[in-house]
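Peer 1: 3D model of this:
(2 chains)
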There are 2 protein chains.
Amino acid sequence: MITWLDLPTDHPFGIHHLPYGVFSVGGPPRVGVRIGDLVLDAGAVAAVGRDAGLVGDGPDLASAWQTRSLNAFLDLGRPAWTTAREWLTEILTDEVHRAGVEPHLLPLSDVTLHLPIEVADYVDFYASENHASNVGQIFRPDSPALPANWKHLPIGYHGRSGTVVVSGTEVVRPRGQRKAPADPAPSFGPSLRLDIEAELGYVIGGPTELGSSVSVGDAEDHLFGVVLLNDWSARDIQAWEYVPLGPFLGKSFATSISAWVTPLDALRAARVPLPGQTEPPVLPYLAGEATGFDIHLEVDLNGTVVSRPEYAGMYWAPAQMLAHLTVNGASVRSGDLLGSGTVSGPEKGARGSLLELTWNGTEPLTLADGTCRGFLEDGDTVTMKGWAPGPNGARIALGEVSGTIRPAR
Amino acid sequence: MITWLDLPTDHPFGIHHLPYGVFSVGGPPRVGVRIGDLVLDAGAVAAVGRDAGLVGDGPDLASAWQTRSLNAFLDLGRPAWTTAREWLTEILTDEVHRAGVEPHLLPLSDVTLHLPIEVADYVDFYASENHASNVGQIFRPDSPALPANWKHLPIGYHGRSGTVVVSGTEVVRPRGQRKAPADPAPSFGPSLRLDIEAELGYVIGGPTELGSSVSVGDAEDHLFGVVLLNDWSARDIQAWEYVPLGPFLGKSFATSISAWVTPLDALRAARVPLPGQTEPPVLPYLAGEATGFDIHLEVDLNGTVVSRPEYAGMYWAPAQMLAHLTVNGASVRSGDLLGSGTVSGPEKGARGSLLELTWNGTEPLTLADGTCRGFLEDGDTVTMKGWAPGPNGARIALGEVSGTIRPAR
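Peer 2: Numbering: from 1, shown residues only, chains lettered A, B, ... in the order given. The predicted structure follows:
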């Protein structure tokens, strides 16, 4: 499969990838598809095809793509996603379409990228055993490292949808209450333990009805694609507030996601078995054909790579997360976002948060410029990247997610 | 202030109330205002005024009201809410408007009521000291009844926006995992401890920017109005899942709210001081002019009133909840919903959940039909009502919230 574009066959945004995003060039935001370092104005091309009678009776992709988020396209469901991907592949590989398509390809550097989805409900999971175990040791030193329920169900909680932002958005250092165990009373001020969490985010499409459930086997009908996600976390605020109802202000000030959503269909070559769920075995509603993904992450802090987490080591699969989320009858909507939870491996250099990398600030990192970090300082820039194996030895690069810390107001 | 409608001056949906909702009569849903047992097609009347040039340069209420949720109206902000209320009061009291308005009044029994808002983020608080203390004793018998942070900050967590439903929607009994401390392993099945939580919900309007905060003093610019809220809860699922990240599937299957949103402006006569926050004093960002409301709730189970919670006893005010929620820079959107948390008083007959009323099922209630309840059975109907003092001895009735339990699927 070779595109008529002048693009190396192993380009990480090549013809095998085709991630979706939302862009603008002065006018209203609309859906785009990235190929190489270009953005295809997908709705405009689909409208040409539709108006010329070339598209037939399929889904109205032109209308779905000429909107300011992916939500209308997500509403169409998996058959339409498949049709769309086949059609995009055809027009970008068959030379006959070249003259019609080329006017709708824009240099990436000329466009502004926006939040790709209107986030409906955002649920963050906790699917890495190493991460959960590390956090347990740090936050609850007198309890078992792993909560008693952890291997029985994918623990998750709802985050704040309205503060999910696109890569590049600056993050204002949050203020809030904190109280260390030895402090006599809580104090108020800018967070002193501002942290990151390197995660994958799964974008959901195809709404379901209240009272119904999505099985593990059907989950991928609703798992549209993947973003990189940085779940910014204020550890001091979180530690004081989270008992008994969970994290709130320690997380709700910002969650960054990449501008590009990689379709699950682009990750076929990256599928890997889960590390294993035999002791204890999972309950039947969580069993079934659930796979993980061989995705390699990289966390960069001011130009120094501080961690290389491996997603393949995650205990719970996204299909299990979705089956669990809906087993009580909760419905899903297009634009729902599921965070994987921090991706941390067993080695120190594969931990996905500064909390773990510096063991709650007690073992600071040294950056390339010679400065040290326990947690984030104002002006720090964190960039997360990721890639997965594609067909024939090529790589699929996930869209990167980046953010810079601004001082508290 | 007397309306030209044939309505007793002490009617609980009289001229001093004017709650907003969304209704339909065959066609698309649109905004309505309740007066007595009639619904005013607010957008239609406003359009007549606008098209006749009677409305002037004010906010375009006709456009905001001819939509399927209150969100566009909420976006307009407090000055527009005040203008709208003054205008509605005028057309319903000045006889000169009677001929123009009457054709747009519909019998309540002829309309279908819908979810009044498109819920953006839903945050549930935990603002009753009696409730938090009761739950602490039941769920954490070996720990202090009240968490250490409870009197320092209004504890809250994000709930599922997509499963907030309007009064009258049936609730399917959720399935899920549960494990009592003595059980060797978790089991799966329909919840055996299905419960209610009697709450108020505050509807937020007027979006704010990421990175900014809303002070206690400014909070009422964003607190549009009040609904009754039933936070259905599966206690067995919740107890097993909630450590360490908070409630998830035990709550996410359904949250019911009343169809009518009572504007905060209708509750002026109901304002009361908070019970007191002197020991410990609150941090400065939570101090200020925060008031509670003298609202009386009633919980009816299959025709038997099982509880009469008093909202006036709540420890934390809604203005404090909003100030806390945003102090870290989290933005709010129109359609955000803040639950007060279960309203429970010090007496047994004023507890707002079956968990507390039956002390986790150990002290069952006897209903008027002679049957007993620890928790809810299939077919049970729960209806919550509420009222507040209005001007001149009249009552303001909150819209009721009702739901019937259907068997697990």
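Peer 1: Doesn't A:W387 lie inside a strand?
Peer 2: Yes. When DSSP: H, G, I helix; E, B strand; the rest coil is applied, A:W387 is found to be in a strand.
Peer 1: So for the closest residue to chain B within chain A, what's the pLDDT?
Peer 2: Per CB to the nearest CB, A:G246 is where chain A lies closest to chain B, at 2.3 Å. (Each C-beta comes from the backbone N, C-alpha and C, glycine too.) Note for A:G246: predicted pLDDT of 97.
Peer 1: What of A:G56?
Peer 2: pLDDT, A:G56: 64.
Peer 1: Can you list the neighbours in contact with the least confident helix or strand in chain A by mean pLDDT?
Peer 2: Lowest on mean pLDDT, DSSP states H and E among the helices and strands of chain A sits helix A:42-51, with a mean of 91. For helix A:42-51, the external contacting residues (CB atoms under 8 Å, 6 or more residues apart in numbering or on different chains) are A:20, A:30-33, A:55, A:60-67, A:87-88, A:91, A:100-101, A:104.
Peer 1: out of those residues, which are buried?
Peer 2: Buried by 16 or more other CB atoms under 10 Å in any protein chain shown: A:20, A:30-33, A:55, A:60-62, A:64-67, A:87-88, A:91, A:101, A:104, out of these.
Peer 1: Filter these down to the ones in strands?
Peer 2: A:20, A:30-33 (DSSP state E).
Peer 1: all helices of the stretch 1-150 of chain A, in order?
Peer 2: With DSSP state H, counting those that start in this stretch, the ranges of helices along the stretch 1-150 of chain A come out as A:42-51, A:61-65, A:71-76, A:78-93, A:98-101, A:129-139.
Peer 1: should've said the stretch 251-400 of chain A
Peer 2: Taking DSSP H, counting those that start in this stretch as the criterion, the stretch 251-400 of chain A carries its helices at A:318-326, A:354-357.
Peer 1: Could you dump those helices into CSV and include distance to B:Y315?
Peer 2: CSV is the format used below for those (distance: least, CB to CB, whole Å):
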stretch, distance to B:Y315
helix A:318-326, 32
helix A:354-357, 32
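Peer 1: So which of those is nearest B:S334?
Peer 2: helix A:318-326 (26.2 Å; CB to CB).
Peer 1: any idea of the mean pLDDT for that closest one?
Peer 2: Mean predicted confidence for helix A:318-326 is 98.
Peer 1: Show me what the residue nearest to A:V33 when sequence neighbours are not counted is bridged to.
Peer 2: Distances taken as CB to CB, 6 or more residues apart in numbering or on different chains place A:L40 nearest to A:V33, at 4.4 Å, with adjacent residues excluded. Bridge pairing for A:L40 (DSSP bridges) gives the partners A:V33, A:L105.
Peer 1: Check the burial of A:L40 by counting its neighbours.
Peer 2: Neighbour count for A:L40, taken as other CB atoms under 10 Å in any protein chain shown: 26.
Peer 1: which residues sit in contact with it?
Peer 2: A:32-34, A:88, A:92, A:101, A:104-106.
Peer 1: tell me which element the residue of chain A closest to chain B falls in.
Peer 2: For A:G246, there is no host helix or strand (DSSP states H and E).
Peer 1: so it sits right up against B:E241, yeah?
Peer 2: No. Checked against CB atoms under 8 Å, the pair A:G246 and B:E241 is beyond contact range at 10.5 Å.
Peer 1: Now the common contact residues for those two.
Peer 2: Here A:G246 and B:E241 share the contacting residues B:P247, scored by CB under 8 Å, 6+ apart.
Peer 1: Can you classify the residue nearest the centre of chain A as helix, strand or coil?
Peer 2: For chain A, A:G201 is the residue whose C-alpha lies nearest the centre (CA atoms, centre = their mean; 2.5 Å). Per three-state DSSP, the secondary structure class of A:G201 is strand.
Peer 1: Which residue comes closest to it once chain neighbours are left out?
Peer 2: A:L229 (3.7 Å).
Peer 1: Show me what counts as buried in the one helix or strand the one you found maps to.
Peer 2: Using DSSP H and E, A:L229 sits within strand A:223-230. For strand A:223-230, burial by neighbour count (16+ other CB under 10 Å) applies to A:223-230.
Peer 1: So what's the gap between it and the chain middle?
Peer 2: Here the centre of strand A:223-230 is set off from its chain's centre by 3 Å, with CA atoms, centre = their mean, to the nearest Å.
Peer 1: And the next helix or strand past that strand?
Peer 2: Along the chain past strand A:223-230, the next helix or strand (assigned with DSSP H and E) turns out to be strand A:233-234.
Peer 1: what's that next one packed up against?
Peer 2: strand A:194-195 (3 or more CB pairs under 8 Å, 6 or more residues apart in numbering or on different chains; DSSP states H and E).
Peer 1: Check whether the strand it packs on comes into contact with chain B.
Peer 2: No. Judged by CB under 8 Å from any CB of the partner chain, strand A:194-195 and chain B are separated, with a smallest distance of 11.0 Å.
Peer 1: just checking, A:G32 touches A:S24?
Peer 2: No. Between A:G32 and A:S24 there is no contact under CB under 8 Å: 9.2 Å.
Peer 1: A:A239 against A:F139, yeah?
Peer 2: Yes. Contact status for A:A239 versus A:F139: in contact at 6.2 Å, counting by CB under 8 Å.
Peer 1: Between these two, which has more neighbouring residues?
Peer 2: Neighbour count, other CB under 10 Å: between A:A239 and A:F139, A:A239 has more, with 20 against 16.
Peer 1: Contacts for the helix or strand hosting that one, please.
Peer 2: A:A239 is part of helix A:235-241 when elements are defined by DSSP H and E. Residues from elsewhere that reach helix A:235-241, judged by CB under 8 Å, 6+ apart: A:139, A:174, A:176-180, A:186, A:191-195, A:247-251, A:355, A:360, A:375, B:149, B:153, B:155, B:328.
Peer 1: How far away from the center of its chain is that helix?
Peer 2: Relative to its parent chain, helix A:235-241 has a centroid offset of 24 Å by CA atoms, centre = their mean.
Peer 1: for stretch A:193-208, same thing?
Peer 2: 4 Å.
Peer 1: Give me the distance between the two termini of it.
Peer 2: One end of stretch A:193-208 sits 39 Å from the other (CA to CA, to the nearest Å).
Peer 1: same question for it, mean pLDDT?
Peer 2: 98.
Peer 1: Same question for stretch A:388-395.
Peer 2: Taken as a whole, stretch A:388-395 has a mean pLDDT of 92.
Peer 1: And it, what's buried?
Peer 2: A:388-390, A:394-395.
Peer 1: Of the residues you listed, which pair is most distant in space?
Peer 2: A:A388 and A:A394 (10.1 Å).
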